[in-house]
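J.: Below are the sequence and a predicted model; questions follow.
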Amino acid sequence: MALSIQLASSALDPLRSSRLQGYVSLATAKRADLAAVDLPTPPADSPSSSPTSSSKGTFLPCMMSCPVNTCVQFVGEELVLGNAMRLIDDTYRLSTDEWTYDYDKKQWCLHFDIPLPCLRDLPISFAPLDHRIPSPHDDDQVVRGHPLTQDQQKNDNGDNGAVASIQYHVRATARYQNTDLQASAPVTVQSPRADTTHDAKPMTKTCWGMSEHKHWLYELELPQWVEATKPFNVGIRTKSRSVASSNDNATCMITIQLYEAVKVDTQPETTMTLLTSSHLLKNPSTTWSSPCTVPLELLTLPSSGSLSSPRIHISHHLCVTLRYYSPEQKQARQLDAIHYRCMVPVFAGPCSSKQQDSDRDSGISMKSC
């Protein structure tokens, strides 16, 4: 006898569906395992006599015993430095009356459809990473938090104490013919999509203000979220507050960065740059009426989507820097700058972390605004 569990989907998206669906099956070794009911052999002249009756008994479906005490358990676990912490441990008891038997496959089957209202409050799955304090012998990609191979996941002591992960699985248990059986299947909690439309563009937010020395106004149109494998845009509008000159010779150096910050328990925070882009903008005041749109794309995929759990925190930060130079102004007004930084959620698959081989320059090409 073997108990198994099959899930309708091995990945759970909190905004698409908050239900756990699948079925539990119990394969019997042979047909005789089901229920042979011993019946006395009737007399030869008895009207109840039939070719299928014998002193050894006959199979009666109505008297077959189905599995009992069937439960489905949804478990999530956070592992840090060899110490496990349960994030969720919910058990659901299934009705014994809903078991069905397939005579051809010789197995019992029980379908389940369980609501998981807590799914939106759980952190996404997190692949094993090494977040040791960097040493001169560490490979750069390991220190930066890239996935480790099975051999790399063991530290110098031979254990997995340096590994941090968030994993989920579904466990099924049942009792059949005085035997306790169990089966387990892994499941992934994905980054929630901000929009259920697959090709939908991310919504934007507008931020505005003045430069450090209050010589320039600016408006930034920033994405409210970023999908790791899709391009996105940053819109820029800026103008000088000075009306004494046209500032035709003014320039603005635009630098945009997106980086990932990983904090595991009490270990030092590690960062990884995912995107750096620079562009020299001439006569920036013209963008006030004709905004500049800067197309961007991650050069390095993140180690994970943004998440927060009791001991693991992964955040993503977007930084926009505008450095102005106005040669026609007085020396005290020639230089000015804007430094804007904000957190932006990044959506990525739990196993998307891999370095992209790219020799592209970090600069971007735009038409003059």
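T.: Sure, I can see it.

J.: Now do the contacts for residue 211.
T.: Contact analysis of residue 211 by Cβ atoms under 8 Å, 6 or more residues apart in numbering lists 217-218, 322, 324, 336-338. The way it works is simple: take the backbone N, C-alpha and C, and place the C-beta from them, glycine included.

J.: can you list the weak-confidence ranges in the chain?
T.: Residues of the chain meeting the criterion pLDDT under 70: 29-64, 128-162, 193-202, 243-247, 329-333, 349-369.

J.: Assign a three-state SS to residue 303, would you?
T.: Here residue 303 is recorded as coil under DSSP: H, G, I helix; E, B strand; the rest coil.

J.: doesn't residue 262 make contact with it?
T.: Yes: counting by Cβ atoms under 8 Å, residue 303 touches residue 262, with 6.8 Å between them.

J.: List only those of the contacts of residue 211 flagged as buried.
T.: Buried by 16 or more other Cβ atoms under 10 Å: 217-218, 322, 324, 336-338, out of those.

J.: Can you lay out the residues you listed as CSV showing secondary structure and distance to residue 287?
T.: Output for the buried ones among the contacts of residue 211, formatted as CSV (DSSP: H, G, I helix; E, B strand; the rest coil; distance: Cβ to Cβ, whole Å):
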residue, secondary structure, distance to residue 287
217, strand, 11
218, strand, 9
322, strand, 10
324, strand, 12
336, strand, 15
337, strand, 16
338, strand, 13
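
J.: nearest to residue 206, of the residues you listed?
T.: residue 218 (10.7 Å; Cβ to Cβ).

J.: can you give me the strands for the stretch 101-250 of the chain?
T.: 107-115, 126-130, 163-176, 179-189, 204-210, 216-223, 226-227, 232-240 (DSSP state E, counting those that start in this stretch).

J.: Contact partners for the closest residue to residue 89 other than its chain neighbours?
T.: Nearest residue to residue 89, sequence neighbours excluded (Cβ to Cβ, 6 or more residues apart in numbering): residue 75, at 5.3 Å. Going by Cβ under 8 Å, 6+ apart, residue 75 touches 86, 88-89, 168-171.

J.: Then residue 249?
T.: Counted by Cβ under 8 Å, 6+ apart, residue 249 has contacts 283, 326-328.

J.: how far away is it from residue 19?
T.: Distance, residue 249 to residue 19, using Cβ to Cβ, to the nearest Å: 62 Å.

J.: repeat for residue 293
T.: Distance from residue 293 to residue 19, by Cβ to Cβ: 40 Å.

J.: re earlier: right, and out of the contacts of residue 211, which lies closest to residue 308?
T.: residue 338 (29.1 Å).

J.: Identify all residues paired with that closest one through a beta bridge.
T.: residue 322 (DSSP bridges).

J.: hang on, the earlier thing: please identify the buried residues of the strand or helix carrying the residue nearest to residue 89?
T.: In the assignment (DSSP states H and E), residue 75 maps to strand 68-80. Neighbour counts over strand 68-80 (16+ other Cβ under 10 Å) mark 70, 72-76, 78-80 as buried.

J.: re earlier: just the buried ones out of the contacts of residue 249, please.
T.: Buried among those (16+ other Cβ under 10 Å): 283, 326.

J.: So which of the contacts of residue 249 is the closest to residue 231?
T.: For the contacts of residue 249, the nearest to residue 231 is residue 283 (26.5 Å; Cβ to Cβ).

J.: is it true that the closest one touches residue 250?
T.: Yes: counting by Cβ under 8 Å, residue 283 does reach residue 250; the two are 6.3 Å apart.

J.: What about residue 175, how many residues nearby?
T.: By other Cβ atoms under 10 Å, 13 other residues sit near residue 175.

J.: Pull the contacting residues for the residue found closest to it once you drop the neighbours it is linked to in the chain.
T.: Distances taken as Cβ to Cβ, 6+ apart place residue 69 nearest to residue 175, at 4.5 Å, with adjacent residues excluded. Residues in contact with residue 69 (Cβ under 8 Å, 6+ apart) are 96, 173-175.
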